[in-house]
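Colleague: sequence unknown, structure follows:
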């Protein structure tokens, strides 16, 4: 199945489109199984999305007590650090909606990265077995990375584990990240890309040859076939109105 590529006029329209889709997917999953599993991403565009979901009317359109929330990756910092993906989501979303803390499953960035990855991988195994998350939200960095799957890093070769510690040389930092094989078990994957600075890389990813070691986001190909790219006109290399 070919991925869906939806171009929106601007970043505001992009997050509105994403929010509408999340509401629909959550409603469908909750009506079928009584729960909706979602994995969140870090980044500025997701932050704007979380702020939108935490405000009306979206706040009232989701049954927050029936969500289980996970994270695609985390920086190796404490949960109250401004660098923490959990901290960003807590400030932008969790503090605004009626969700119980025990339904938010954060990666413990404050402990040893290998231990944190092992702990989170075991959690994912208990929760999902050989299945996957209903919806994984992802972004794309200007270098073609997604989650904390960076070009040329060891995590790109991981086939067995659901979550690994990944050292990123250019950042001189450890990250904890879901692996591509686990992300690809998701019912749906939604990738949000905004900004002109990403347009050239996005074109390479979507139209160029498959080079996953250089462009790790090309590894994201959910087995369900349900992959949606939500991009704004700047990231698409277009001017509004084209």
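Modeller: The structure has been received and is ready for your questions. What you see is a predicted model; the values in this text were computed from it and never measured. Numbering: from 1, shown residues only.

Colleague: and the helices in this structure, which stretches?
Modeller: Listed in chain order, the helices of the chain (DSSP state H) span residues 11-33, 44-53, 58-61, 85-92, 113-128, 180-183, 199-207.

Colleague: now render these as a markdown table, adding mean pLDDT and mean neighbour count.
Modeller: Yep, even glycine has a C-beta here, placed from its N, CA and C like the rest. Formatted as a markdown table, the helices of the chain follow (pLDDT from 0 to 100; neighbours: other Cβ atoms under 10 Å):
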| stretch | mean pLDDT | mean neighbour count |
| --- | --- | --- |
| helix 11-33 | 98 | 17 |
| helix 44-53 | 97 | 21 |
| helix 58-61 | 98 | 14 |
| helix 85-92 | 98 | 21 |
| helix 113-128 | 98 | 17 |
| helix 180-183 | 98 | 21 |
| helix 199-207 | 97 | 17 |
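
Colleague: could those helices go into JSON lines alongside distance to residue 140?
Modeller: Shown next, in JSON lines, are the helices of the chain (distance: least, Cβ to Cβ, whole Å):
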{"stretch": "helix 11-33", "distance to residue 140": "13"}
{"stretch": "helix 44-53", "distance to residue 140": "10"}
{"stretch": "helix 58-61", "distance to residue 140": "24"}
{"stretch": "helix 85-92", "distance to residue 140": "15"}
{"stretch": "helix 113-128", "distance to residue 140": "22"}
{"stretch": "helix 180-183", "distance to residue 140": "13"}
{"stretch": "helix 199-207", "distance to residue 140": "7"}
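
Colleague: what's the closest of those helices to residue 166?
Modeller: Counting by Cβ to Cβ, residue 166 lies closest to helix 113-128 out of the helices of the chain; the figure is 8.1 Å.

Colleague: who are the contact partners of residue 39?
Modeller: 69, 70, 71, 72, 133, 135, 136, 137, 178, 183, 186 (Cβ atoms under 8 Å, 6 or more residues apart in numbering).

Colleague: if you rank those residues by neighbours, which is first?
Modeller: The residue in these with the most neighbours, by other Cβ atoms under 10 Å, is residue 178 (35 neighbours).

Colleague: for that one, what are its contacts?
Modeller: If a contact means Cβ under 8 Å, 6+ apart, then residue 178 has 39, 72, 73, 124, 136, 147, 162, 163 as its contacts.

Colleague: recalculate using a threshold of 7 Å.
Modeller: The contact partners of residue 178, taken as Cβ atoms under 7 Å, 6 or more residues apart in numbering, are 39, 72, 73, 147, 162, 163.

Colleague: quick one: which of those residues is nearest residue 116?
Modeller: Of the contacts of residue 178, the one sitting nearest to residue 116 (Cβ to Cβ) turns out to be residue 163, at 8.4 Å.

Colleague: distance of that closest one from residue 184?
Modeller: If you measure residue 163 against residue 184 using Cβ to Cβ, to the nearest Å, the figure is 14 Å.

Colleague: do residue 75 as well
Modeller: From residue 75 over to residue 184 the distance is 23 Å, taken as Cβ to Cβ.
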